[in-house]
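Novice: Here is my input; please provide its structure:
(chains A, B and C)
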Amino acid sequence: MSGPGAILEVSGLDVFYGDFQALFGVSLSVSRGCATALVGANGAGKTTLLRTIAGAQPAAAGSVRYDGADVTAAPPYRRISRGIALVPEGRRLFPSLTVEENIQVGAAAAASAGWPLERIYDAFPMIARRRRQRASTLSGGEQQAVAIARALAAGPSLLLLDEISLGLAPVVVEGLYETLSGLRSAGATLVIVEQDLRRAMDACDNVVCLLEGRVALAAAAADVTSDQVVAAYFGEGQL
Amino acid sequence: MKRDTAVGSRGTEPSVIAVAVSRWSAAASAFTGVCVLAVAVMAVIPFVIGGPAEQPLITLLTFVAMASLWNLLAGFSGLTSFGQQAYIGVGAYALYLVAEHGINPFGGIAAAAVIAAAVALPVSALVLRLSGGYFAVATLVVAATFQIVATLSPSVGGTTGVSVPGLAGYGDVLREALIYWATLIVAVASVAGVYLLVRRTFGLDARAVSSDPVAAASSGVRVGRIRLLAYLAAAGGAGAVGALIALQTLYVEPTSIFSIQYSVYMLFMVLIGGMGTIEGPILGALVLFALQETLSAYGAWYLVIVGGLAVAATLAASRGIWGFASERFGWSLLPVGYRLRVPPPPDQVSDRPARAPTA
Amino acid sequence: MNWVNAVIQGMLLGGQYALIACGLSLTFGVMRIVNLAHGDLAVCGAYLGLVLSSALGVPVWVTLPLLLPAAFGAGMALQLLLLRRALRHGVLAPVLVTFGLSIMIENLLQVAATADPRGLNGGALALASFHLGSGITVSWLFLTAFLTACAVLSGLQLLLSRTSWGRKVRATADDLDTARLVGIRVRPVFATVAGIAVATAALAGIFIGTIGTFDPLTGTDVLIFAFEAVVIGGIGSLWGTLAGGVALGVTQVVVGEVNQAYAVLAVNLLFLAVLTVRPGGLFTSRQAVREIQGQGAAG
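Specialist: Here you go, the predicted model:
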């Protein structure tokens, strides 16, 4: 349901990889300042959806509206300057760049001055120490922090995060989610792809579940039980 | 591309439909018949028309052979070599050496092919580690190196070159005819050889390798073997072509036999005709032949046009003339792939019981 | 047979090779394109230098402020008009297009300038030399070429490591897809890199044309030397390219002292040897080696 507070509206999105259709008429709406969990099995289309919102993937049909403007055809750099930033799956840091350079590069397309470096280092003290090190020499958790920091450097109002807990120890993930809740308090809107259902529903206001490229469930986290989400996840019962 | 699926509609019981797989077609049979006839006709030309027809046909058939072989490398195996002239040269010099030792020059053509393939074996150990543009330049370096070696070898005449012995015994007419038939055989062998090779598993494997080596390797394709086989076959073929050129010109000299122009021609023919098809290189050879007849008077402009058309073809018509035609009109005279024929749904055939699914 | 002199001359020659090679290395490192017309573009620079210096009646150095920006623009145009389209048609397309371009350039030059070998007017610099001790004569021209190469390489290295543009270039070279994703505008990056590549090629061409002679077909030989320098030194490292160039130059001059006819052959054999024993070159990043080997091509 789109509402007056909707900062992101995706409508009827069809996305293809060559002949393979990954998304079938996906629609969703994200309200300003909310955290939405995007869940689903591998291959359900979560990464595709985030990448399409960020502009890395072209849409064959449908639209993406951000903050009232149609960005469906806009390339990533335009979307970033409007305030959308994606932390990609697998972190995808630039291995030959240092931590600081990775973060600086994230501000390449920022319209206004994004987050200044000092503010980023305050939010992620563990990487401040390693600012001059090559990104490839960091641990998994530190790399994930740098990836988030890189997205923050652009000063986004909508932050998309794709599987940030992958391969990380629980205590590290805990720390990352604390940072995210800090961002939420500061007014950012979040869309989080997360395999850990419990954590996703704890951290987020809304949950959207994808199944084979279609929206199987979209509701407030408080209104659904885990069992209902799991059922939508695996496609049992209603479709 | 057609999107034929053989699954029942969602929500109903999936039905297993018998799909007919064919590798051939009526058109292919007809065309093969035409080809056999054409070859037979070409074979008797020396008796019927003789000299004036032989010369241009020798050029055309040489083009056909070169184009088919380069297509095997680049079109089917993804190996863009700009150094095939290395093996043309090896073949030419091999023919000279064979003839020097008293062996019949025409028998020497086969020997030249074998020698060229043998030389290609150690070279492949080096260049096949690379791919794409780096492979391309490495093949250039190899060809340049062969040229220098020839220039520095007094036994093959160094910079001046050598003349091919052993042909004095043949009269002019007979020699021309023999060269013609030899060229015809090499051309037919090249086209047929590539065709048969590609229709077998090798063809699928090679194309898988050329589009995604990692995926191919993880599917069990022996990537290294495929590329090696393609490289050696192309080298052997180039060696035979080199031997033919030596017989024709009766003189072998480094600068011309190792000329990069051969690669330019191969690239052009395959790009214009259609990479990755069997019919394409033949078409490309015809186009190049026509261009050469009309434009060679213009010297360097001729090559500018050839290069320009090759660039345009890559950018605008990347599948070449034949590729475009076969996509647009569904033509396929020498099919290398598989066609699926999905029969009509059983409810349209009311007087027969549902067919049991066949493998 | 003065070996010390030979080695020094070889090192200086290596500087020229490095200058022609660095554009090739950049183009491949950032855009994954091997520009087979690179050598011909250098020769075009030499011909343009010839035209300008003859028209203005000055040594070719004076024409550089005109020539280098023109070459830079030509490189950008090449990228935006041709290579960008080629990249869309698959991995092999840029190879085929640049080869076709190479043929066109060489034959257009032949039509325009005939096959006669040419030389450039190097002014006083081309003739002067100084002595460095027993039997070592260094030509100012050779030294200038070497120092220019070092200056260009240093400058490029600084640009890449210290500027915002340099960060974007390195990020794009690391991961094109993610670079786009974080908002880097890739088209200007590619265009400027291509511009630099052609400008350095043109500069190298000027030196080649002043030190020796050139003709329309010289481009292929230049390409081969540039390529060999890159492979020996290692892709993805500018200073590696200098090392590669020096290795080539020293081999060529030292072998040439023994027997001039074998000099170029020795260089090619060195290249093939490095390819066999250490295909990554001396200073390559592992990622770059994987890319030229096309992942999984071996075995």
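Novice: what about whatever residue of chain C ends up closest to chain A, neighbour count?
Specialist: Of all residues in chain C, the one sitting closest to chain A is residue C:183 (2.8 Å; Cβ to the nearest Cβ). All C-beta atoms are positioned from the backbone trio N, CA, C, and that covers glycine. Here the count is done by other Cβ atoms under 10 Å in any protein chain shown, and residue C:183 has 28 residues near it.
Novice: That one belongs to a helix, doesn't it?
Specialist: No - going by DSSP: H, G, I helix; E, B strand; the rest coil, the assignment for residue C:183 is coil, not a helix.
Novice: Provide the secondary structure category for the nearest residue to it once chain neighbours are set aside.
Specialist: Among residues not flanking residue C:183 along the chain, residue A:109 sits closest, at 2.8 Å (Cβ to Cβ, 6 or more residues apart in numbering or on different chains). Each residue gets one of three states, and residue A:109 gets coil by three-state DSSP.
Novice: Same question for residue B:335.
Specialist: coil.
Novice: Burial check on it, number of neighbours?
Specialist: By the criterion of other Cβ under 10 Å, residue B:335 has 21 neighbours.
Novice: List the buried residues for the lowest-mean-pLDDT helix or strand in chain A?
Specialist: Least confident helix or strand, chain A: helix A:226-234 with a mean of 84, by mean pLDDT, DSSP states H and E. For helix A:226-234, burial by neighbour count (16 or more other Cβ atoms under 10 Å in any protein chain shown) applies to A:228-229, A:231-233.
Novice: would you put the C-alpha positions of that helix in PDB?
Specialist: Listed next in PDB are the C-alpha coordinates belonging to helix A:226-234 (Å, rounded to 0.1, in the frame of the first residue of the first chain):
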ATOM      1  CA  SER A 226       7.500 -16.400  11.900                       C
ATOM      2  CA  ASP A 227       5.500 -19.400  10.800                       C
ATOM      3  CA  GLN A 228       3.600 -17.400   8.300                       C
ATOM      4  CA  VAL A 229       6.800 -15.900   7.000                       C
ATOM      5  CA  VAL A 230       8.400 -19.400   6.700                       C
ATOM      6  CA  ALA A 231       5.300 -20.600   4.900                       C
ATOM      7  CA  ALA A 232       5.600 -17.800   2.400                       C
ATOM      8  CA  TYR A 233       9.300 -18.400   2.100                       C
ATOM      9  CA  PHE A 234       8.800 -22.000   1.000                       C
END
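Novice: Please enumerate the helices of chain C.
Specialist: C:3-31, C:38-56, C:64-77, C:84-88, C:93-113, C:140-162, C:164-174, C:176-181, C:186-211, C:218-233, C:238-258, C:263-277, C:286-292 (DSSP state H).
Novice: hmm, back to that, if I pick the residue nearest to residue C:183, what's in contact with it?
Specialist: A:76-78, A:80-81, A:154, C:182-185 (Cβ atoms under 8 Å, 6 or more residues apart in numbering or on different chains).
Novice: change it to 6 Å
Specialist: Contacts of residue A:109 were listed using Cβ atoms under 6 Å, 6 or more residues apart in numbering or on different chains, and they are A:77, A:80-81, C:183.
Novice: Out of these, who's the most crowded?
Specialist: Neighbour max across these (other Cβ under 10 Å) = residue A:80, 30 neighbours.
Novice: Please work out which residues outside whichever helix or strand that residue is part of touch it.
Specialist: In this structure, residue A:80 sits in helix A:76-82 according to DSSP states H and E. Here helix A:76-82 makes contact (Cβ under 6 Å, 6+ apart) with A:55-56, A:66, A:71, A:109, A:111, A:154, C:180-181, C:183, C:185.
Novice: mind redoing it with 10 Å?
Specialist: Under the criterion Cβ atoms under 10 Å, 6 or more residues apart in numbering or on different chains, residues A:51, A:53-57, A:64, A:66-67, A:69, A:71, A:74, A:84-86, A:106-112, A:114, A:151, A:153-158, C:179-186 lie in contact with helix A:76-82.
Novice: Same check on stretch C:115-127?
Specialist: When contacts are taken as Cβ under 10 Å, 6+ apart, the neighbours of stretch C:115-127 outside the stretch itself are B:300, C:43, C:46-47, C:49-50, C:53-54, C:57-63, C:109, C:128, C:139-141, C:143-144, C:205-218.
Novice: How about the residues of chain C by chain A?
Specialist: On the criterion Cβ under 10 Å from any Cβ of the partner chain, chain A has as its neighbours in chain C the residues C:161, C:164, C:166-168, C:170-175, C:177-187, C:236, C:285-287.
Novice: And these, which of them are buried?
Specialist: When burial is judged by neighbour count using 16+ other Cβ under 10 Å, the buried members of these are C:166-168, C:170-175, C:178-186, C:236, C:285, C:287.
Novice: Leaving out the residues flanking it, which one is nearest to whichever residue of chain C sits closest to chain B?
Specialist: Taking Cβ to the nearest Cβ, chain B has its nearest neighbour within chain C at residue C:34, 2.6 Å off. Using Cβ to Cβ, 6+ apart and skipping residues adjacent in sequence, the residue nearest residue C:34 is residue B:133, 2.6 Å away.
Novice: What is the burial count for the one you found?
Specialist: The number of residues packed near residue B:133 is 26, by other Cβ under 10 Å.
Novice: for it, what are its contacts?
Specialist: By Cβ under 10 Å, 6+ apart, the residues touching residue B:133 are B:80, C:24, C:27-28, C:32-36, C:91-92, C:94-96, C:98-99, C:227, C:292.
Novice: Of these, grab the buried ones for ChimeraX.
Specialist: Applying 16+ other Cβ under 10 Å to those leaves a buried subset, and the ChimeraX line that selects it is:
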select /B:80 /C:24,27,28,32,33,34,35,36,91,92,94,95,96,98,99,227,292
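Novice: Sort out which residues of the helix or strand where residue B:33 lies are buried, please.
Specialist: Residue B:33 belongs to helix B:26-48 when elements are defined using DSSP H and E. When burial is assessed from 16+ other Cβ under 10 Å, helix B:26-48 yields the following buried residues: B:31, B:35, B:42, B:45-46.
Novice: in the helix or strand just after it, what counts as buried?
Specialist: With elements assigned by DSSP H and E, the helix or strand that comes after helix B:26-48 is helix B:51-70. Along helix B:51-70, these residues count as buried under the neighbour rule (16+ other Cβ under 10 Å): B:54, B:57-70.
Novice: Kindly indicate whether the residue in the stretch 51-200 of chain B that chain A sits nearest to is helix, strand or coil.
Specialist: Proximity of the stretch 51-200 of chain B to chain A (Cβ to the nearest Cβ) peaks at residue B:78, 18.7 Å away. Secondary structure, three-state DSSP: residue B:78 is coil.
Novice: can you check residue A:160 too?
Specialist: At residue A:160 the chain is in strand, as set by three-state DSSP.
Novice: if I look at it, how far off is residue C:278?
Specialist: Taking Cβ to Cβ, to the nearest Å as the measure, residue A:160 falls 43 Å from residue C:278.
Novice: Could you check which of the two is surrounded by more residues?
Specialist: Remark: of residue A:160 and residue C:278, residue A:160 carries more neighbours, 25 against 14, as counted by other Cβ under 10 Å.
Novice: returning to what we had before: can you give me the offset of the helix holding residue A:80 from its chain's centre?
Specialist: Distance, stretch centre to chain centre, for helix A:76-82: 15 Å (Cα atoms, centre = their mean, to the nearest Å).
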